[in-house]
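S.K.: okay, sequence plus prediction incoming.
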Amino acid sequence: MPAIRPQTLNDVFQQAANQARQKLPELTHNQQVARLYRKSLKVLSSWAIDRDIFNDEATKIRARFDQERGCKPEKAIRLLREAEDEIFAYTHPDPYCNPVMPGGSKFMRNPPLPMDVCFPDGNYPADAPKYEINPDWSKATPENGKAATGYVLVDFGKKNME
């Protein structure tokens, strides 16, 4: 009789994670095209710094999308795949990102210290700010509807927050 391999703790965690992990919803064709169009404009913004050039090229991209509107489903799937490959080929090696977002030159530059670090005894002065700062430097106050995000995972390779 073959020996049964005991499960390691990591295997158990992997199985539990796979059971809890939700399957991503299937996107409709319109959603895929809209995401592809938006991604193409983001790639274009990394290459075209001047707004006049960007607007001209964005108009050309929009014309290419409108030209194939209403085509047969088989052709639409093929065009979607080819467009994704084309966008991958044109992806900028150092994509533009907002200066205050992850990867930007001003991201979390000189962030303010938390209040409990500044005043460990809890006696805050009357003129101390009563709000927290989000990673994008927006104020986290209940009045503007932005809550403090707490910890943020930053992928500096992709230059985005997760």
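M.R.: Everything's here; your move.

S.K.: now for the one helix or strand Thr59 maps to, which elements pack on it?
M.R.: In this assignment (DSSP states H and E), Thr59 forms part of helix 51-67. For helix 51-67, the packing partners by 3 or more CB pairs under 8 Å, 6 or more residues apart in numbering; DSSP states H and E come out as helix 29-47. Where C-beta positions appear, they are placed from N, C-alpha and C, glycine not excepted.

S.K.: can you list contacts of the helix it packs on?
M.R.: Contacts with helix 29-47, where a contact means CB atoms under 8 Å, 6 or more residues apart in numbering, come from 27, 54, 57-58, 61-62, 65, 73, 76, 80, 83-84, 87, 90-92, 94-96.

S.K.: give the buried subset of those as a PyMOL selection command.
M.R.: Command for PyMOL, covering only those of the contacts of helix 29-47 found buried under the criterion 16 or more other CB atoms under 10 Å:
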select buried, resi 57+58+76+83+96
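
S.K.: following element in sequence after the helix holding Thr59, please.
M.R.: helix 73-90.

S.K.: give the burial count for Asp127, as a bare number.
M.R.: 5 (other CB atoms under 10 Å).
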